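just the structure for this:
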Amino acid sequence: MHVNSRYHAISIALHWLIAIGILGLVGLGLAMTHLALPPMLKFQLYQLHKSVGITVLLAVLLRILWRITHRPPALPMMGKFEQNVAEAAHIALYLLMVCLPMTGWALVSVSPFNLPTVLYSVIPWPHLPILATLKDNAGGGVF
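Down below sits the predicted model:
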């Protein structure tokens, strides 16, 4: 059996796309919420934040599919405890990379403003189907 000694170029590209996207989301989020911006610019930043968030979510899902179908290189020599911790941390990171964009998508879907999401001002993106049909969104959401 052939053992990979390094990650495939697609794994590396997805890794960096996701990492840069997450850093961009942090920067956009801080700018949107902490800077005194004109309303139209703030709206545009929110739209860009949603676009990048969905892009990161799709890239993470693609990375998970790639990982399932392509074995990564073996871990370096370490004890069983360290291997278990590394695996748990890896799973936790993937859960966060899926759950955080899904949380944002859910919040947009139940927003009383009902603003559409148009990815990169080109691709209309739907609200989550179940959440978008909930009644009483005018009261600030269901949470």
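
which parts of whichever strand or helix holds residue 10 are buried?
Applying DSSP states H and E as the criterion places residue 10 in helix 9-34. Judged by neighbour count (16 or more other CB atoms under 10 Å), helix 9-34 contains these buried residues: 11, 14, 17, 18, 21, 22, 24, 25, 28, 32. Where you see a C-beta, it was placed from the backbone N, CA and C, and this is true even at glycine.

so, low pLDDT: which residues of the chain?
Counting by pLDDT under 70, the ranges of the chain that qualify are 1-4, 131-143.

quick check: angle from the next helix or strand after the helix holding residue 10 to helix 9-34?
Moving toward the C-terminus from helix 9-34, the next helix or strand (DSSP H and E) is helix 39-69. If you take axes from the mean of the first three to the mean of the last three CA atoms, to 10 degrees, helix 39-69 sits at 150 degrees to helix 9-34.

so which elements touch helix 39-69?
Using 3 or more CB pairs under 8 Å, 6 or more residues apart in numbering; DSSP states H and E, the elements in contact with helix 39-69 are helix 9-34, helix 80-110, strand 117-119.

now the ones you listed in a markdown table, with distance to residue 52?
Listed next are the helices and strands packed on helix 39-69 as a markdown table, based on distance: least, CB to CB, whole Å:
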| stretch | distance to residue 52 |
| --- | --- |
| helix 9-34 | 5 |
| helix 80-110 | 9 |
| strand 117-119 | 9 |
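
so which of these is nearest residue 127?
Residue 127 sits nearest to helix 80-110 of all the helices and strands packed on helix 39-69, at 3.8 Å, using CB to CB.

what distance separates that closest one from the centre of its chain?
9 Å (CA atoms, centre = their mean, to the nearest Å).

try stretch 9-22
On CA atoms, centre = their mean, the centre of stretch 9-22 falls 12 Å from that of its chain.

pull the residues that contact stretch 8-17.
7, 59, 62, 63, 66, 67, 70, 72 (CB atoms under 8 Å, 6 or more residues apart in numbering).

against residue 87, how distant is residue 98?
17 Å (CB to CB, to the nearest Å).

repeat that for residue 66.
Distance from residue 66 to residue 87, counting by CB to CB: 18 Å.
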